[in-house]
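J.: Predicted model, plus sequence, below.
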Amino acid sequence: DWPPGAPAGRVGLLHWFSILFARPFPGFSAKLNAWVTWWAAQWLMGPCSLQRLDAAELARGGAGGLTAILGDGEGQQLLVHRCRYLEASGCASICVNCCKMPTQDFFNNDMGVPMRMLPDYETLECRFQFGVAPTADDEAEARAVPCLGACPSAAAVREAWGREKPLEGVCVRMS
């Protein structure tokens, strides 16, 4: 565990990043993490581009809305043009439980950088919004996504049950 000095249960590098960058320079840290994710993760997710956070997202706030946005928004949104992970799995539950929630947890809790993911199940795009913390509404919406037509679990249940729609409005892996 390098560098030394991290509290028990924390990875040294992530602990020190949080102390040396994320806390004193939150806007810079949001941009840095967006750029590093763009540079290092395209092999997994597919082609990506850095964008400015949408003005509507920057203006949204209040109860149930965004609590704060760190930075000016320039270069803080990573757009995955067509997520290979979601396309290959064909399953909203795998997207939410094996990608969205763990990735948000990593950036928000381990790196100390607020980051919110917004997958689009119709276009297979995904937006990583660095400097924006996810809300409770985001998680509730993510967990309420119905099965995709290409979901292999839904297809197996349809075949076994002889029904077109096995469970109305709920992903079979989430239920």
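T.: Now that the structure is in, tell me what you want to look at.

J.: drop to CA atoms for contacts and neighbour counts, all remaining ones
T.: Fine.

J.: Show me the residue at the heart of the chain, geometrically.
T.: residue 117 (2.9 Å; C-alpha atoms, centre = their mean).

J.: pretty sure that residue contacts residue 127?
T.: Yes - in this structure, residue 117 is within contact of residue 127 by C-alpha atoms under 8 Å, at 5.5 Å.

J.: Which of the helices or strands spans residue 117?
T.: strand 115-119 (DSSP states H and E).

J.: One more: residue 78?
T.: strand 77-80.

J.: buried stuff in that strand?
T.: 77, 78, 79, 80 (16 or more other C-alpha atoms under 10 Å).

J.: what are the ranges of the strands in the protein?
T.: Along the chain, the segments classed as strands by DSSP state E run 48-51, 77-80, 115-119, 126-130.

J.: Could I get those in TSV, plus columns for mean pLDDT and distance to residue 136?
T.: Below are the strands of the chain laid out as TSV (pLDDT from 0 to 100; distance: least, C-alpha to C-alpha, whole Å):
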stretch	mean pLDDT	distance to residue 136
strand 48-51	96	25
strand 77-80	96	20
strand 115-119	93	11
strand 126-130	95	16
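
J.: could these go into a markdown table alongside distance to residue 39?
T.: Formatted as a markdown table, the strands of the chain follow (distance: least, C-alpha to C-alpha, whole Å):
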| stretch | distance to residue 39 |
| --- | --- |
| strand 48-51 | 9 |
| strand 77-80 | 10 |
| strand 115-119 | 17 |
| strand 126-130 | 14 |
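
J.: Out of these, flag the one nearest residue 71.
T.: Closest approach to residue 71 among those (C-alpha to C-alpha): strand 126-130, 9.0 Å.
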